[in-house]
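*Asks:* A predicted structure for the sequence below; I have some questions about it.
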Amino acid sequence: MNRVATWIIPTLLVAISACGPDQAAQLLETAQFEERQTNRVHAKELYEEILRHYPDSPAAKIARTRLTELADKP
């Protein structure tokens, strides 16, 4: 039983940490990195993912702005 708890607790902690506004911030950071690397396609995908999964987060506001600005570029 102790071995089961040893695996379940870390697994749950990892799963919980992958959710919420911190994930939105991490996606935003990755999208901005992709944009700096001139990988606009992937950056757009990440910005859209932020809007889909975290529409009310602070990251979503930035993602909307960046998508608008990227849409204006060729």
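*Replies:* Alright, I've got the coordinates.

*Asks:* ok, the spatially most central residue of the chain to Pro58 distance?
*Replies:* By CA atoms, centre = their mean, the chain has its centre lying nearest to Leu27, at 2.3 Å. Distance, Leu27 to Pro58, by CB to CB, to the nearest Å: 12 Å. Any C-beta I mention is one placed from the backbone N, CA and C, and that applies to glycine too.

*Asks:* Kindly report the same for Tyr47.
*Replies:* 14 Å.

*Asks:* Which one's more surrounded, these two?
*Replies:* Between Tyr47 and Pro58, Tyr47 has the larger neighbour count (other CB atoms under 10 Å), namely 26 against 12.

*Asks:* Test my guess that the more buried one contacts Arg66.
*Replies:* Yes: Tyr47 lies in contact with Arg66 (CB atoms under 8 Å); the separation is 5.5 Å.

*Asks:* list residues touching both of these two?
*Replies:* Contact criterion CB atoms under 8 Å, 6 or more residues apart in numbering; residues shared by Tyr47 and Arg66: Ala31.

*Asks:* If you rank every helix and strand of this protein by mean pLDDT, what lands last?
*Replies:* The helix or strand of the chain with the lowest confidence, counting by mean pLDDT, DSSP states H and E, is helix 2-17 at a mean of 52.

*Asks:* No more questions from me, cheers.
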